[in-house]
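Asker: Provided below are the primary sequence and the corresponding predicted coordinates.
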Amino acid sequence: MTNRMYLSNQISSNSPSKFDLLSSSASASSNLESEKSCSTILTFPSTSSASNSSSSFVLRQLRFCDRPAVEQICNESFPIQYPECWYDEVVSGSLTSTGLFDGPILAAIIVSETKTIFECNSEDQDILSEPINNSVVYILSLAVAKPYRRQGLATRLLDNLFNTIVMAPPYPRAVFLHVLSTNSPALSFYKMHGFQWHASLVNYYRIGDEYGDGCTYVKYTNGSRPPITFYEILKMFGTTICMPIKAVCKFLSF
Ligand SMILES: CC(C)(COP(=O)(O)OP(=O)(O)OC[C@H]1O[C@@H](n2cnc3c(N)ncnc32)[C@H](O)[C@@H]1OP(=O)(O)O)[C@@H](O)C(=O)NCCC(=O)NCCS
């Protein structure tokens, strides 16, 4: 599966929080075992009655029974339609898929995967400067149901990703994502959480009969830093050449 097929998305806070995280690394078989206790409902509350007390939200791995609710959030959040196989993969346990629940209602999701830089698509492999096969986290999707937006839920999901995946072995060197270049709320969200623009991807998304440009945003983690830019090289070169010339001029002026 390529990144291009999907609109992808992503964030960070400090307290592991009021949310109860039910193991995000649980296996697909445990998903099946817990089907009986899973009773996600599909009707969202009105914006005014959506819970505004974050303490009542529960964070847990997405299961097979959450699939219709995941589909509903994605359909209302993204201008593209994910293929059916994407939803299957999200709830199968093969990706890191976490939901934030307001009682039985799925209010927000984040889907990510950890892979090595050499396993990433070619257009993403230059996010790291080190020529070694470090691991990175790719955020495939981040979405909050409309009545729950601007209540910090996406921030909670991003924080949880950082606390459970990024700050743990193999200590990924970057978290990155692709976003539609016109998606201002998402761009503000990522920038606010320390992600930086890395590249523009012309016609990256197909939306109906049209194409939309994408951008890659990256947050460097665990001591990593962005690759050195041409401008930085020029600046260093300029400093190296200019310093001795300045020193000579200063010496001659005395
Ligand atoms: C982007 C999205 C995930 C943000 O979720 P959220 O739970 O509302 O985000 P938070 O409440 O944690 O917001 C944190 C910060 O992000 C920024 N932000 C979020 N929504 C914003 C908006 N509509 N306009 C401007 N800034 C916004 C703000 O800086 C906000 O802080 P503030 O509320 O103190 O101003 C949500 O709007 C969404 O699901 N959008 C549709 C799907 C999508 O675009 N996903 C990302 C694709 S890459």
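Answerer: Good, I have the coordinates. Nothing here was measured: the structure is a model prediction, and the numbers come from that model.
Asker: looking at it, Phe176 is touching Cys215, isn't it?
Answerer: No: between Phe176 and Cys215 there is no contact under CB atoms under 8 Å: 10.6 Å. The way it works is simple: take the backbone N, C-alpha and C, and place the C-beta from them, glycine included.
Asker: what about the two, which has more around it?
Answerer: Phe176 (25 against 20; other CB atoms under 10 Å).
Asker: ok, the more buried one - contacts?
Answerer: Listed by CB atoms under 8 Å, 6 or more residues apart in numbering, the contact partners of Phe176 are 124, 127, 136-139, 195, 198, 216-219.
Asker: now these as CSV including distance to Ala247, secondary structure and pLDDT?
Answerer: Formatted as CSV, the contacts of Phe176 follow (distance: CB to CB, whole Å; DSSP: H, G, I helix; E, B strand; the rest coil; pLDDT from 0 to 100):
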residue, distance to Ala247, secondary structure, pLDDT
Asp124, 43, helix, 96
Ile127, 38, helix, 96
Val136, 43, strand, 98
Val137, 46, strand, 98
Tyr138, 48, strand, 98
Ile139, 49, strand, 98
Phe195, 41, coil, 98
His198, 37, strand, 97
Thr216, 42, strand, 98
Tyr217, 42, strand, 98
Val218, 39, strand, 98
Lys219, 40, strand, 98
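Asker: Select only the buried ones of those in PyMOL?
Answerer: Buried members of those, defined by 16 or more other CB atoms under 10 Å, are picked up in PyMOL with:
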select buried, resi 124+127+136+137+138+139+195+198+216+217+218+219
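Asker: returning to that earlier point: intersection of neighbour lists for Phe176 and Cys215?
Answerer: In contact with both Phe176 and Cys215: His198, using CB under 8 Å, 6+ apart.
Asker: nearest to Ser77, of the contacts of Phe176?
Answerer: Ile139 (13.8 Å; CB to CB).
Asker: Please name the bridge partners of the closest one.
Answerer: Ser112, Leu177 (DSSP bridges).
Asker: could you pull out the strands for the stretch 51-200 of the chain?
Answerer: With DSSP state E, counting those that start in this stretch, the ranges of strands along the stretch 51-200 of the chain come out as 57-61, 96-102, 105-116, 135-144, 174-180, 196-207.
Asker: Could you find the closest non-adjacent residue to Thr221?
Answerer: Closest residue to Thr221 apart from its sequence neighbours, by CB to CB, 6 or more residues apart in numbering: Val166 at 5.2 Å.
Asker: Low-confidence ranges, this protein, go.
Answerer: 1-37, 39, 41-55, 230-233, 236-237, 254 (pLDDT under 70).
Asker: Asn222: what's it in contact with?
Answerer: So Asn222 contacts 166-167, 171-173 (CB under 8 Å, 6+ apart).
Asker: So among these, which ones count as buried?
Answerer: 166, 172-173.
Asker: on that earlier part again, mean neighbour count, the strands of the stretch 51-200 of the chain: which tops it?
Answerer: strand 174-180 (a mean of 26; mean count of other CB atoms under 10 Å).
Asker: and the angle from that strand to strand 105-116?
Answerer: 120 degrees (axes from the mean of the first three to the mean of the last three CA atoms, to 10 degrees).
Asker: Strand 174-180 near the ligand anywhere?
Answerer: Yes: judged by CB under 6 Å from any ligand atom, strand 174-180 and the ligand are in contact via 177, 179.
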